[in-house]
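Colleague: I'd like to go over a predicted model; first the sequence, then the structure.
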Amino acid sequence: MNYRHAFHAGNFADCLKHAVLVWLLRALQRKPGGVFVLDTHAGTGAYDLESPEAQRTGEWHQGIARLLADPPDLLADYLGLVQGVGLYPGSPALIRAMLRPQDRLACCELHPEDAATLRQRFSRDPQVAVHRRDAWEAIGALLPPAEKRGLVLIDPPYEQPNEFGQVVTGLKLATTRMRQAVLAAWFPVKHRTPVRELHLALRQSGLRDIVSIELWLRAPLDASRLNGCGMIVVNPPFGFEAAAGTILKAMLDRLGAGQDGAGEDGAGFAVDRLVDE
Ligand SMILES: C[S@@+](CC[C@H](N)C(=O)[O-])C[C@H]1O[C@@H](n2cnc3c(N)ncnc32)[C@H](O)[C@@H]1O
């Protein structure tokens, strides 16, 4: 396990993932019943952007720093939560900031140091459970919860070549355990080929009601660079496709320009319905 999210916190990929996460959880919270959130790959929970790790890559300068410098109105909810947490919130801190008294969060993290940091952060919090356990195993073990409504965030580091396949398996397992849960899985876009294969696998998976969104900072032709990223959403709440389009456009407007202010060839975004309801 080499991946440490502290090097990447607040980058453009985090911004997209977290803005979508906020929209999805708010949509589930439109009704009063409790929501159970499972964060399968949680990281440490929140990140100091002045840390040596964050400073080493400086990725957040092209991500959250740009959004905070010129905040789009429609990202006000997400950006308000970021400012409220103080540090850059990872998915656990962001979700925690949104929990109502009737909601619960379970976080899984396998890296021993990151799991210890996460456990410490929530040690006195009765609404948050932290598990040092494998994400894929936890999907089977922690679902279904007592709550009728659930949100599962799947955010692997994609260090292993089989992680696109594991995402499909994980989504299928989550749906088997909790059919009505909203599932959101982040994926990197380096080259087009793995994304096409992911879409094909999902179309053939037997899962229903799947939307894929993508943001490209440049054409996804160089497999050694993170040229964009996307999210698969299964069982999206009503209005998701329209909302995702506006979030993606706001992200592209603020984050799509290079150092010279011009967008690169191939920058853009897409909202694709892969499988109907
Ligand atoms: C991309 S980071 C998560 C970032 C976090 N979701 C956020 O948005 O702030 C992926 C995390 O998954 C952890 N991880 C990798 N493999 C795992 C596994 N099989 N089970 C649980 N956690 C895992 C890594 O240690 C890393 O902290």
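Modeller: Alright, I've got the coordinates.
Colleague: give me every residue in the stretch 51-200 of the chain lying close to the ligand.
Modeller: With the criterion set to CB under 6 Å from any ligand atom, the stretch 51-200 of the chain comes near the ligand through G90, S91, C108, E109, L110, H111, D114, D134, A135, D155, P156, P157. Backbone N, C-alpha and C define where each C-beta goes, glycine included.
Colleague: pretty sure the fourth one sits against G43.
Modeller: Yes. Under the criterion of CB atoms under 8 Å, E109 is in contact with G43, at a separation of 6.5 Å.
Colleague: joint contacts of those two?
Modeller: L118 (CB atoms under 8 Å, 6 or more residues apart in numbering).
Colleague: for stretch 157-177, buried residues please.
Modeller: For stretch 157-177, the neighbour count (16 or more other CB atoms under 10 Å) marks 157-158, 163-164, 166-168, 170-175, 177 as buried.
Colleague: can you check stretch 210-221 too?
Modeller: I210, V211, S212, I213, E214, L215, W216, L217, R218, P220.
Colleague: and the residue of the stretch 1-150 of the chain found nearest the ligand, backbone torsions?
Modeller: Residue of the stretch 1-150 of the chain nearest the ligand, by CB to the nearest ligand atom: G90 (2.6 Å). Dihedral pair for G90: phi -80, psi -180, per degrees, to the nearest 10.
Colleague: check contacts around it.
Modeller: Contacts of G90 by CB under 8 Å, 6+ apart are H5, A9, D14, A42, G43, T44, G45, A46, Y47.
Colleague: nearest residue to it other than its sequence neighbours?
Modeller: G43 (4.6 Å; CB to CB, 6 or more residues apart in numbering).
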